[in-house]
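Trainee: model this:
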Amino acid sequence: MIAAMDPFKDRVAVVTGGAGGIGSALGRAFAARGARIVLADLDAANLAVVAKHLEAGGAQVLGVPTDVTKRESVEALAEATLSRFGAAHIICNNAGVATFGPIATSTQKDWEFTMNVNFWGVVYGVQAFAPRLIAQRQGGHIVNTASMAGLTGMSWLGVYCASKFAVVGLTESLQRELRPHGIGVSVLCPMIVQTGINENSLRMRPAELRNPDGVDLPQTGGDAPPLVGSTIQPEELARRVVRAIERKDFYILTHPEQREILKRRAQRIDEVFEAERWKLDL
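Mentor: Numbering: from 1, shown residues only. Okay, here's the model as predicted:
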C-alpha cells in the first residue's frame, strides 16, 4: 500500500507575527511536516532568532521583517517569498495586538492601532497572496487569525472585538470566493493562549499611535472583568491549525468551553423569532 503524500511536505508556508507566540509555534508545526517556512514580523531581532532555530532543525526558512499595517510591506513579503521559493501555498495572516479597556474611554489612537494590525494586516495579507494563489493553480490554504472575541462580544474588549469580528466576516466571504479555485480558507478563533501578546502590543506600538497621557491599552485592574476560560500553549493551537488545514475545516476553535458560550449566543438570536417576540402588533 502506498502512503499518501504529506500535504505540507515541500509546500511554502507564510506566517505573519512569526517572531513569537502563535506565529512561531505555527512555523515549528509546519516545519515538522516538511514545509518550507517564511516568517514575517515587525520584530526583526526575535524574527532572526526564531528563523535560526528552525534552520538548526533542518528547515528551509526565510525571515522577512514586515509591517503588516503597510500594504507595500506585505506586498514586499509576497515578492520575497516567490523570489526565494517560487510559490506560496499556506498563508497565515496571524499578526495581532491586544487591547483591553472600556469602549467609552478608548481613544482614536487605540482604535487606529488595533484596526491597523488586526484588521488591515489581514486585508493586506489577503490582497497580496490570494491573487497569487489563484494564478498559481496549485491549491493552497489561507488561515486568518481572529479570536473568540470575533464570535461574541465581551466587556472591556470592545475595540479588540470589533477588529476580530471584522476578520471573521471577511474570512467567511473569502471562503466562498476561493472555494471554486480549490483554495481552502479557515478562521482561527482561540480563547486564551499563553503568549506575550499584551507585553508585545505595548512594546511594538508605534510612537505616533501612543496616547499622550501614557495610558496605552492593553490595561487591566480596577473594574476589569476576569477573562473566562482555560489557557492553552501555542503548540496545542498550532496542532489544531495543522489538523484543520488537513480536514479543510473553516472554523478553528481551541477550547472545549467555547461550545456552550456559542450555543448560548445562537440561542439568543434564535429566540428573537419566537412568535411572541416576532409579532409587530402592540
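Trainee: which residues in the stretch 101-250 of the chain form helices?
Mentor: Applying DSSP state H, counting those that start in this stretch to the stretch 101-250 of the chain gives helices spanning 108-118, 120-136, 158-178, 197-203, 234-247.
Trainee: could you redo those helices as TSV and give each row distance to residue 279?
Mentor: No exception for glycine: its C-beta is placed from N, CA and C like everyone else's. What follows is those, written out as TSV (distance: least, CB to CB, whole Å):
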stretch	distance to residue 279
helix 108-118	39
helix 120-136	41
helix 158-178	30
helix 197-203	46
helix 234-247	42
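Trainee: Using TSV, please lay out the ones you listed together with distance to residue 63 and mean neighbour count.
Mentor: Conversion of the helices of the stretch 101-250 of the chain to TSV gives the following (distance: least, CB to CB, whole Å; neighbours: other CB atoms under 10 Å):
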stretch	distance to residue 63	mean neighbour count
helix 108-118	19	21
helix 120-136	17	20
helix 158-178	24	19
helix 197-203	17	16
helix 234-247	18	18
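Trainee: rank those helices by pLDDT, which is bottom?
Mentor: Among these, helix 197-203 carries the lowest mean pLDDT, a mean of 89.
Trainee: just checking, what packs against that helix?
Mentor: Under the contact definition 3 or more CB pairs under 8 Å, 6 or more residues apart in numbering; DSSP states H and E, helix 197-203 sits against no other helix or strand.
Trainee: mind checking how far that helix is from the chain centre?
Mentor: Distance of helix 197-203 from its chain centroid, counting by CA atoms, centre = their mean, to the nearest Å, is 16 Å.
Trainee: gap between residue 269 and residue 263?
Mentor: Counting by CB to CB, to the nearest Å, the gap from residue 269 to residue 263 is 11 Å.
Trainee: How about residue 25?
Mentor: 29 Å.
Trainee: Looking at the two now, which is surrounded by more residues?
Mentor: The residue with more neighbours, out of residue 25 and residue 263, is residue 25; 24 against 10, by other CB atoms under 10 Å.
Trainee: Spatially nearest residue to that one, not counting backbone neighbours?
Mentor: Residue nearest to residue 25 in three dimensions, not counting chain neighbours: residue 234, with 3.5 Å by CB to CB, 6 or more residues apart in numbering.
Trainee: Does the one you found touch residue 192 like I think?
Mentor: No - contact between residue 234 and residue 192 fails when scored by CB atoms under 8 Å: they sit 11.4 Å apart.
Trainee: any low-confidence regions in the protein?
Mentor: Within the chain, the ranges that satisfy pLDDT under 70 run 1-5, 214-228, 282.
Trainee: picking that back up, wait, what's in contact with the residue nearest to residue 25?
Mentor: By CB atoms under 8 Å, 6 or more residues apart in numbering, the residues touching residue 234 are 21, 22, 24, 25, 193, 194, 195.
Trainee: ok, back up a step: residue 98: which of the helices of the stretch 101-250 of the chain is closest?
Mentor: Closest approach to residue 98 among the helices of the stretch 101-250 of the chain (CB to CB): helix 197-203, 4.7 Å.
Trainee: So the spatially most central residue of the chain versus residue 79, what's the distance?
Mentor: What sits nearest the mean C-alpha location of the chain, by CA atoms, centre = their mean, is residue 145, with 1.8 Å. Per CB to CB, residue 145 is found 23 Å from residue 79.
Trainee: same check, this time on residue 115
Mentor: Distance, residue 115 to residue 79, by CB to CB: 25 Å.
Trainee: Same check on residue 275?
Mentor: Residue 275 is 58 Å from residue 79, by CB to CB.
Trainee: And those two? Which one has more around it.
Mentor: Comparing residue 275 with residue 79 by other CB under 10 Å, the one with more neighbours is residue 79, at 13 against 6.
Trainee: one step back: export the contacts of residue 234 as TSV, with columns for distance to residue 53.
Mentor: What follows is the contacts of residue 234, written out as TSV (distance: CB to CB, whole Å):
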residue	distance to residue 53
21	14
22	16
24	8
25	12
193	20
194	18
195	17
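Trainee: Do a quick rundown of the strands in this protein.
Mentor: 12-16, 36-41, 61-65, 90-93, 141-145, 184-189, 192-193, 231-232, 251-253 (DSSP state E).
Trainee: Buried subset of the contacts of residue 234 as a PyMOL selection?
Mentor: Remark: buried members of the contacts of residue 234, expressed as a PyMOL selection using 16 or more other CB atoms under 10 Å:
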select buried, resi 21+22+24+25+193+195
